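Q: Sequence plus the predicted model coming up.
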Amino acid sequence: MTRDSTETPPAGEPTLQPAPDDAREVVISEVGSLDPLEVLPFPEPAEENPTPMSAFTETLPEDSLTDTEYLSNTTPSGEPAEIDPGKLDPDALKVIHRLHSHGHQAYFVGGCVRDLLLGRTPKDFDIATSAHPGEVRAIFRNCRLIGRRFRLAHIYFKGGKIIEVSTFRANPTELDAAIVENVADTGAENGEAEGGEGEESQDLLITHDNVFGTAEQDARRRDFTMNGLFYDVAEGRVIDYVRGRRDLDERYIRTIGDPEIRLREDPVRILRAVRFAAKLGLDIESRTYAAMEGAVEDLPRCAPARLLEETFRLIRGGVAAPTLRLLAALDALKVLLPPVAAYFKENSRRGRETFYAYAEALDRRVSSGEPLDDAILLAALLVPIAQAGPIVESQDPAVRPSVAQGIEDLLAEFVQTARLPRRIAERCRLLLIAQRTLTGERRRRTGAFRRHPLFADALTVFEISVEATGQYRETLEAWKRGEVPQPKPTEGAAPEGDAPRKRRRRRRRSGRSKAGAGEGASAAASAGGAESSGSEAADSGDSDSDSDSDSDDAGDSGDAGDDFESSSDSGGELGADSDSGSESDEG
């Protein structure tokens, strides 16, 4: 299958045209942030009469129609609809019906059609239409426009449901190719030298995507054939411009057009192909896989926020282990998770087995339906890397506890370049540090540690670790029962066979004994007894020793020995006084 870049749209259908100037949206970023507070749409400041929030939740008159009034159960030929109408979202059907009533084309598109044909339940229903974003907003009062690179319409319903509506688009590289070709022809006619434009056209990375088109052009601009399917509700049939039905039947993931071009246009498609292969149980077609291997080198050119979001999607979907194996085979981990790639290189086969055991344990947790936030997901994957790195405990109270340097660098880079919320990075770091306390490597006051808001999350990560390795089961059960587990011997402990040094109890002296001691000293001095003087010196030495011992005991029970005592953020920040207490505890 080759990429068709010179197609002429059928008569009567709109041709390639750039979007109007007001189609650039600056409300939210091109890629959704991991912070839920940052992905909420905001009202457009340019609007003179902003829509009240009540309009986004109220039931509109047209929405009172029943599904049977506009939903076809059969095709025009009388055959049953290709997709069971009962599996279609009723709110999405209402959106399609209203777009049809205003004279626009509207189809279900993408993942929902793919999943329904595979017998799966779609997580959402997206719609593609011939209506421009402004026209969609004029039709629906419960609508807002979002997006920077290309405007999308979000239709809001009760319960927080959102139906996403996009306008038919064309592949911008096709338009660019046509422009470059025309410029080259004009230059040749004028006798101008070739070269400059041709060299620039070799860069296939899409930097803009703001071109409206037809339904067929919209299907051909998509990444994989299985995602280029449309479903016409009115006729009850699947519209296939890219032979996606054939690839679904053969269970193949195949790019639309030349895989070398399509993957270099947007290298993030590598991660999408990996996720679809693991999630849907499909095979990647050989030419597509070969192109993925070559396009890995272009991943650093993508926006870091997009790469991070796609990486989190791999982990959130309960398919972390198979996707990370495939990414390792493609040599993409060095770009996405450099500490993991370095860990594999240093620990070879054994390290890989340990890491994938953690990933499989995490997948089982996610698949069971347990809600896990991004900090827990990331921490669970990084535990083996954190445990393999050297533990450096500073005695300087101004230095906070830390994890392996590679992890510290990774989290800092995610925050600075990939827009990972700082609170998630800090929570992940604290969860990793807490694992050393849970295993007994760092002694802390159990009461304060249990009361910390992050204790439950730290215990969840510890459970995943125990499930992955089979170690510390008794310690985990002790924590769950509310008991204090036996601390793990530290490197500074006394060698085996040497009895531990007992701390001397402090001797409390009354005022009478001190007075007696003074009288004895005077009598000894007047008698010239040297022995009394020596005895007093010995008593003084005992007093100093007792004072030191008492100081040690105070350090063992003081508040400074708690990892999470000094909380400054939502997850708390580990104060360096806890390190000072740790050194005193460990001797």
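A: Yep, it's here. These numbers come from a predicted model, not from an experiment.
Q: When you work out contacts or count neighbours from here on, use the C-alpha atoms and nothing else.
A: Noted.
Q: Please list all residues in contact with the closest residue to A153 other than its chain neighbours.
A: Distances taken as C-alpha to C-alpha, 6 or more residues apart in numbering place L145 nearest to A153, at 4.6 Å, with adjacent residues excluded. The contact partners of L145, taken as C-alpha atoms under 8 Å, 6 or more residues apart in numbering, are 25, 133, 137, 151-154.
Q: same for the helix ranked longest in the chain, what does it pack against?
A: If you go by DSSP state H, the chain has its longest helix at helix 338-367. Applying 3 or more C-alpha pairs under 8 Å, 6 or more residues apart in numbering; DSSP states H and E, we find helix 338-367 packed against helix 320-329, helix 333-336, helix 374-388, helix 405-417, helix 455-469.
Q: What are the buried residues along that helix?
A: 338-341, 343-344, 351-352, 354-363, 365-366 (16 or more other C-alpha atoms under 10 Å).
Q: re earlier: would you list the helices and strands packed on helix 338-367 in CSV and tack on mean pLDDT and mean neighbour count?
A: Formatted as CSV, the helices and strands packed on helix 338-367 follow (pLDDT from 0 to 100; neighbours: other C-alpha atoms under 10 Å):
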stretch, mean pLDDT, mean neighbour count
helix 320-329, 96, 20
helix 333-336, 93, 17
helix 374-388, 93, 21
helix 405-417, 91, 16
helix 455-469, 95, 19
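Q: how about those in a markdown table, adding distance to D266?
A: Shown next, in a markdown table, are the helices and strands packed on helix 338-367 (distance: least, C-alpha to C-alpha, whole Å):
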| stretch | distance to D266 |
| --- | --- |
| helix 320-329 | 17 |
| helix 333-336 | 15 |
| helix 374-388 | 25 |
| helix 405-417 | 19 |
| helix 455-469 | 34 |
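Q: right, and those helices - which one's nearest E441?
A: helix 374-388 (10.9 Å; C-alpha to C-alpha).
Q: That closest one versus helix 455-469: what angle between them?
A: Orientation check (axes from the mean of the first three to the mean of the last three C-alpha atoms, to 10 degrees): helix 374-388 against helix 455-469 gives 50 degrees.
Q: Leaving out sequence neighbours, find the closest residue to A380.
A: Excluding the flanking residues, the one nearest A380 by C-alpha to C-alpha, 6+ apart is V461, at 5.6 Å.
Q: ok now do that neighbour, which residues does it touch?
A: 376, 379-380, 431, 435.
Q: gap between it and G470?
A: 14 Å (C-alpha to C-alpha, to the nearest Å).
Q: so D124 touches C112, yeah?
A: Yes - look at D124 against C112 with C-alpha atoms under 8 Å: they come within range, at 6.5 Å.
Q: and G86, how many neighbours?
A: By the criterion of other C-alpha atoms under 10 Å, G86 has 9 neighbours.
Q: Next: K480.
A: 11.
Q: Next, give phi and psi for it.
A: phi -70, psi -30 (degrees, to the nearest 10).
Q: Against R287, how distant is it?
A: From K480 to R287 the distance is 52 Å (C-alpha to C-alpha).
Q: Just the element for R245, please.
A: According to DSSP states H and E, R245 maps onto helix 244-250.
Q: Which stretches in the chain count as strands?
A: 17-18, 106-109, 126-129, 143-146, 152-156, 162-167, 211-212, 229-232, 237-240, 252-253, 283-284 (DSSP state E).
Q: Now do the fifth one: everything it contacts.
A: So that's strand 152-156. By C-alpha under 8 Å, 6+ apart, strand 152-156 touches 56-57, 133, 136-137, 140, 142-146, 162-167.
Q: again, but for the second one
A: Counting by C-alpha under 8 Å, 6+ apart, the neighbours of strand 106-109 from elsewhere in the structure are 96, 99-100, 125-130, 227-233.
Q: Name the strands paired with that strand and say parallel or antiparallel.
A: Using DSSP bridges, the strands paired with strand 106-109 are strand 126-129 (antiparallel), strand 229-232 (antiparallel).
Q: same question, the last one
A: In its sheet, strand 283-284 lies beside strand 252-253 (parallel), with partners assigned from DSSP bridges.
Q: likewise the fifth one?
A: In the sheet containing strand 152-156, its partner strands are strand 143-146 (antiparallel), strand 162-167 (antiparallel), by DSSP bridges.
Q: Out of those, flag the one nearest E413.
A: strand 143-146 (27.3 Å).
Q: Return the set of buried residues in that closest one.
A: Neighbour-count burial for strand 143-146 [16+ other C-alpha under 10 Å]: 143-146.
Q: Likewise for stretch 139-155?
A: Buried, per 16+ other C-alpha under 10 Å, within stretch 139-155: 140-155.
Q: List just the nearest of these to I261.
A: For these, the nearest to I261 is R149 (20.4 Å; C-alpha to C-alpha).
Q: Could you measure from I315 over to R427?
A: In terms of C-alpha to C-alpha, I315 sits 17 Å off from R427.
Q: Counting neighbours, what do you get for the closest residue to L411 other than its chain neighbours?
A: What sits nearest to L411 in space, not counting adjacent residues and going by C-alpha to C-alpha, 6+ apart, is A425, at 5.7 Å. Using other C-alpha under 10 Å, A425 has 23 other residues around it.
Q: Send me stretch 267-279 as PDB with only the CA atoms.
A: Output of stretch 267-279 as PDB, limited to C-alpha atoms (Å, rounded to 0.1, in the frame of the first residue of the first chain):
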ATOM      1  CA  PRO A 267       7.400   9.400  15.800                       C
ATOM      2  CA  VAL A 268       4.900   9.200  18.700                       C
ATOM      3  CA  ARG A 269       3.000   6.700  16.500                       C
ATOM      4  CA  ILE A 270       5.700   4.200  17.500                       C
ATOM      5  CA  LEU A 271       4.400   4.300  21.100                       C
ATOM      6  CA  ARG A 272       0.800   4.100  19.900                       C
ATOM      7  CA  ALA A 273       1.600   1.000  17.800                       C
ATOM      8  CA  VAL A 274       3.200  -0.700  20.800                       C
ATOM      9  CA  ARG A 275       0.300   0.100  23.000                       C
ATOM     10  CA  PHE A 276      -2.300  -1.200  20.500                       C
ATOM     11  CA  ALA A 277      -0.300  -4.400  19.900                       C
ATOM     12  CA  ALA A 278      -0.100  -5.200  23.600                       C
ATOM     13  CA  LYS A 279      -3.600  -4.000  24.500                       C
END
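Q: Show residues contacting that stretch.
A: With contact meaning C-alpha under 8 Å, 6+ apart, stretch 267-279 is reached by 223, 253, 263, 282-284, 292, 295-296, 298-299, 302, 306-307, 310-311, 314, 317, 319, 322-323, 326-327.
Q: Need the nearest residue in space to A291, chain neighbours excluded.
A: Here the nearest residue to A291 in space, its sequence neighbours aside, is E260; by C-alpha to C-alpha, 6+ apart that works out to 5.1 Å.
Q: Oops, could you answer that again for G110 instead?
A: Using C-alpha to C-alpha, 6+ apart, the closest residue to G110 is N227 (4.5 Å).
Q: Show the model's pLDDT score for that neighbour.
A: Model confidence at N227, given as pLDDT, is 95.
Q: which residues touch it?
A: Counting by C-alpha under 8 Å, 6+ apart, N227 has contacts 109-111, 113-114, 244.
Q: Can I get these in TSV including pLDDT, neighbour count and distance to R272?
A: Shown next, in TSV, are those (pLDDT from 0 to 100; neighbours: other C-alpha atoms under 10 Å; distance: C-alpha to C-alpha, whole Å):
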residue	pLDDT	neighbour count	distance to R272
V109	96	24	17
G110	91	22	13
G111	93	19	12
V113	96	26	17
R114	96	23	14
G244	95	23	16
